[in-house]
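In: below are the sequence and a predicted model; questions follow.
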Amino acid sequence: MVDSQNARIQKFNTSGDYQLQWGILGSNIGQFNSPRKIAVDDFPRVYVTDYFNSRVQKFEADGTYIVQWGTGGAGAGHFNGPIGIAVDKKRQIVYVTENGNNRAQSFTLLGEWVATWGTGGSAQLNSPDDVSIDQRGSMYVADTLNKRVAIFDDNGSYQTSFGAAGSGDGQFVMLEGISVNSVDGQLWTAEANHSRLQRFGSPNPKNDTFGIYRASTQTFLLRNSNTTGYADLNVQFAYGQAGDQPVAGDWNGDGVSTMGVYRDNVFNLWDANTSTLSAPNYVFSLGVAGWIPFVGDWNGDGKSGVGVFNPGNGLIYLKNDLSTGFGDYTMVLGIPGDLPVGGDWNADGQDSPGVCRPSMIRFYLSNKATTGSAFGDYEVAFGLPSYLPFVGDWAHTGVSGLGASAPAAANST
């Protein structure tokens, strides 16, 4: 917790019990002059905006100083009134807003400058205060004097905004705090001068939807909503061959899942869903012909990796990058006859494997992508023996849900 007037940080447990503090007024390392906001990464390490010292300081969780960056000015990596700070834990990027320079900047976890954004046109910020990141890397800025929330994608490109001046619902007087719930995507805002909080539904509700692959015609039939109806997109491509196994994933981290096939022991993946396909964007081998492919973001970097499952003994290879080579993880999960799935079962931002056991109508889901034998952290009864499993974040909660398809009836549950 930032204690701005006392120029210090205080740490409490989740019950509110005091644990420790650090910092005094000053400009030396570990000292503060009006610290404003705080963020924590996965390690966990603490980042603090030090307003009048025009810098960011980074600490261990016990207050041990690590590094600082920034100095007064308007150049890249300089600050004029740094206030808001957030850490994108998947991409390992730190975002800082400045009310004096009317902009935001991004940095590596070690303070190396990456980019400046929030300048010019509709994107122009006016005395921004706080910043928050959602599960998909979108950035939400409390654009204080513009009386709005400004939304940017993970590359810093302006997307949209909402809000207006006033004291009614959805309006702002002096917007100072903002936070996105990492589980359900709902957005909270705080207005100190108006003494209130407001809650908004997810501004970026990109829930997963389903599709099927028709092997007889090498066609992907893709829906944009989880409802009964015709396919929104039919993708029939001449590249397909009999025996191809379909996969889909966000291979390049742009937030859109695109298609691919696993042929023998080779993945062929595309970055676009179009029937006029050229050569695959990614071609690489993993596993052995006859193994079953599946997909997941195993390291939480916002891009899909791949996995292969040996149906004879439950051996799994998981790979983070889309290139030929050894798997990053070698696991054993399941028994002969199981079918693999991958998903984020506990909303930690990283996918992990699971298996569906049709003979018992059970899913066994592990919370870790690791090397060695694994056991199911969850056992879920779902489907029927003939159903095929699939996975998605159907409600945009940050937790993967299960699906089952009855091939004969063309129904999905």
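Out: Okay, I see it.
In: excluding chain neighbours, what is closest to residue 366?
Out: residue 374 (4.6 Å; C-beta to C-beta, 6 or more residues apart in numbering). Any C-beta I mention is one placed from the backbone N, CA and C, and that applies to glycine too.
In: does that neighbour touch residue 364 like I think?
Out: No. If you go by C-beta atoms under 8 Å, residue 374 and residue 364 don't touch, sitting 9.3 Å apart.
In: shared neighbours, these two?
Out: residue 333 (C-beta atoms under 8 Å, 6 or more residues apart in numbering).
In: hang on, the earlier thing: the residue nearest to residue 366 - how many residues pack around it?
Out: By the criterion of other C-beta atoms under 10 Å, residue 374 has 23 neighbours.
In: with the one 4 residues further on instead?
Out: Residues near residue 378, counting by other C-beta under 10 Å, number 12.
In: residue 258 touches residue 274, doesn't it?
Out: No. Under the criterion of C-beta under 8 Å, residue 258 is not in contact with residue 274, lying 9.1 Å apart.
In: who has more neighbours out of these two?
Out: Neighbour count, other C-beta under 10 Å: between residue 258 and residue 274, residue 258 has more, with 22 against 13.
In: which residues does that one contact?
Out: So, once contact is read as C-beta under 8 Å, 6+ apart, residue 258 ends up touching 248, 249, 250, 251, 269, 270, 271, 272, 273.
In: of those - the most surrounded one?
Out: residue 251 (25 neighbours).
In: does residue 76 belong to a helix or a strand, and which?
Out: Assigned by DSSP states H and E, residue 76 belongs to neither a helix nor a strand.
In: touching, it and residue 113? I think so.
Out: Yes. With contacts counted by C-beta under 8 Å, residue 76 reaches residue 113, the gap being 4.9 Å.
In: please enumerate the shared neighbours of those two.
Out: Common contact partners of residue 76 and residue 113 (C-beta under 8 Å, 6+ apart): residue 105.
In: low-scoring stretches of the protein, by residue?
Out: Where the chain drops to pLDDT under 70, the residues are 183-184, 202-206, 238, 275-277, 408-413.
In: okay, domains of it per the record?
Out: The chain breaks down into these domains under automatic domain parsing: 2-200, 211-412.
In: check the gap between the residue nearest to residue 366 and residue 332 for me.
Out: Look at residue 374 and residue 332: by C-beta to C-beta, to the nearest Å, they are 7 Å apart.
In: strands of the stretch 251-400 of the chain, start to end?
Out: 258-263, 266-269, 282-285, 292-296, 305-309, 315-319, 329-332, 339-343, 352-357, 362-365, 372-373, 378-381, 388-392 (DSSP state E, counting those that start in this stretch).
In: which one of these lies closest to residue 147?
Out: Proximity to residue 147 (C-beta to C-beta) singles out strand 388-392 among those, at 36.5 Å.
In: which strands and helices lie in contact with the closest one?
Out: Other helices and strands packing on strand 388-392, by 3 or more C-beta pairs under 8 Å, 6 or more residues apart in numbering; DSSP states H and E, are strand 339-343, strand 401-406.
In: what's next to the shortest one, contact-wise?
Out: Residues from elsewhere that reach strand 339-343 (C-beta under 8 Å, 6+ apart): 292, 294-296, 298, 307, 309, 311, 316, 334, 351-356, 358, 363, 365, 388-393, 400-402.
In: can you turn the buried part of those into a ChimeraX selection?
Out: Provided next is the ChimeraX selection string for whichever of the contacts of strand 339-343 are buried by 16 or more other C-beta atoms under 10 Å:
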select :292,294,295,296,298,307,309,311,316,334,351,352,353,354,355,356,358,363,365,389,390,391,392,393,400,401,402
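In: quick one: which of the contacts of residue 258 is nearest residue 90?
Out: Nearest to residue 90 among those: residue 250, at 11.7 Å, using C-beta to C-beta.
In: residue ranges for the strands of the stretch 1-150 of the chain, please.
Out: Using DSSP E, counting those that start in this stretch, strands in the stretch 1-150 of the chain cover 2-3, 8-12, 18-22, 35-40, 45-50, 55-60, 65-69, 82-88, 93-98, 103-108, 113-117, 128-133, 139-143, 148-152.
In: of all those strands, which one is nearest residue 168?
Out: That would be strand 148-152 among these, by C-beta to C-beta, at 14.0 Å.
In: packing partners for that closest one?
Out: Against strand 148-152 (3+ C-beta pairs under 8 Å, 6+ apart) you get strand 139-143, strand 158-162.
In: what about residue 1, neighbour count?
Out: 9.
In: wait, it sits on residue 12?
Out: Yes. Under the criterion of C-beta under 8 Å, residue 1 makes contact with residue 12 at 6.6 Å.
In: coming back round to it: can you add mean neighbour count and give the strands of the stretch 1-150 of the chain back as CSV?
Out: Shown next, in CSV, are the strands of the stretch 1-150 of the chain (neighbours: other C-beta atoms under 10 Å):
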stretch, mean neighbour count
strand 2-3, 16
strand 8-12, 16
strand 18-22, 13
strand 35-40, 20
strand 45-50, 22
strand 55-60, 21
strand 65-69, 16
strand 82-88, 23
strand 93-98, 25
strand 103-108, 21
strand 113-117, 16
strand 128-133, 24
strand 139-143, 27
strand 148-152, 22
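In: with respect to residue 30, which of the contacts of residue 258 is nearest?
Out: residue 250 (40.5 Å).
In: doesn't residue 256 make contact with the closest one?
Out: Yes. Counting by C-beta under 8 Å, residue 250 touches residue 256, with 6.4 Å between them.
In: gap between residue 120 and residue 157?
Out: Distance from residue 120 to residue 157, by C-beta to C-beta: 12 Å.
In: residue 315 now?
Out: 42 Å.
In: out of the two, which sits in the busier spot?
Out: Taking neighbours as other C-beta under 10 Å, residue 315 and residue 157 compare with residue 315 leading, 18 against 9.
In: name the nearest residue to that one, ignoring sequence neighbours.
Out: residue 332 (5.8 Å).
In: now swap in residue 271 and tell me
Out: Nearest non-adjacent residue to residue 271 (C-beta to C-beta, 6+ apart): residue 281, at 4.7 Å.
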